[in-house]
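> what follows is a predicted structure for the sequence shown.
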Amino acid sequence: MSTIAPSMTPDAKPERRLTGRGVLAWLVGFFLVIFAANGAFIYYALSSWTGLEVESSYKAGQAYQGVLDEAARQAARGWQVNAHIDRDGGGRAAMRIVARDKTGAPLSGLLFTARLERPTHRAEDRTLTLAERETGIYVGTLDDLEPGQWDLHLEGTGSTGVVFRSRNRLFLKDE
């Protein structure tokens, strides 16, 4: 009896079989990729921003009633404080604050400080002290103010201490 061997062409590839070693290699390789990706994400998450807003949440909680009382006194004053920021193409920014009391009269003799903070990266935070140019109008400039999202903290100080505070989220466009 004669057997006929299957014909093989020179271009035919031999059949690959999946063995236990192959399954183990794929399984170990898969989990190594997952662990490497998770490690990279953890590293970037911990090195970019801590998420810490206050040093001691207990102390901030204890002072909260004072913050509420100060906000009520500020609201009773009825002041109208408007801030405007103009950025040029080079990143130079001019800030202008117009401060008026509840009757619309200009507020003079205050010292306004503006703190621009990045919501996620404190290294780019900027502080600006504004000078009173006209009665009730305070101005100041910053160099290299990048576009993007910022938190603007305004603080007005008078002869009796801090008399005005506000916090606003801004988005500065790239011009």
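In hand now; what should we look at?
> CA only for contacts and neighbour counts going forward, please
Fine.
> quick one: residues in contact with stretch 86-105.
Outside of stretch 86-105, the residues within contact range by Cα atoms under 8 Å, 6 or more residues apart in numbering are 77-85, 106-107, 136-147, 172, 174-175.
> mind saving the C-alpha coords of that stretch as CSV?
Taking C-alpha atoms only, stretch 86-105 is exported to CSV below (Å, rounded to 0.1, in the frame of the first residue of the first chain):
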residue,chain,number,x,y,z
ASP,A,86,-6.4,92.8,28.4
ARG,A,87,-3.7,90.5,27.0
ASP,A,88,-1.6,91.4,24.0
GLY,A,89,-0.1,88.8,21.6
GLY,A,90,3.2,88.7,23.5
GLY,A,91,1.6,87.7,26.8
ARG,A,92,1.7,91.1,28.5
ALA,A,93,-1.5,91.7,30.5
ALA,A,94,-3.0,94.9,31.8
MET,A,95,-5.5,94.7,34.7
ARG,A,96,-7.9,97.4,35.4
ILE,A,97,-10.2,97.5,38.5
VAL,A,98,-13.1,99.9,38.9
ALA,A,99,-14.3,100.1,42.5
ARG,A,100,-17.6,101.9,43.5
ASP,A,101,-19.7,102.0,46.6
LYS,A,102,-23.4,101.2,46.7
THR,A,103,-24.3,104.7,45.6
GLY,A,104,-22.0,104.5,42.6
ALA,A,105,-19.3,106.9,44.1
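> name the residues of the host helix or strand of V81 that are buried.
In the assignment (DSSP states H and E), V81 maps to strand 80-87. Neighbour-count burial for strand 80-87 flags Q80, V81, A83, R87 (criterion: 16 or more other Cα atoms under 10 Å).
> adding distance to G22, write those residues out as a markdown table.
Putting the buried residues of strand 80-87 into a markdown table (distance: Cα to Cα, whole Å) gives the following:
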| residue | distance to G22 |
| --- | --- |
| Q80 | 72 |
| V81 | 70 |
| A83 | 66 |
| R87 | 60 |
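> so of the residues you listed, which two are at opposite extremes in space?
Spatially, the most separated pair among these is Q80 and R87, at 23.3 Å (Cα to Cα).
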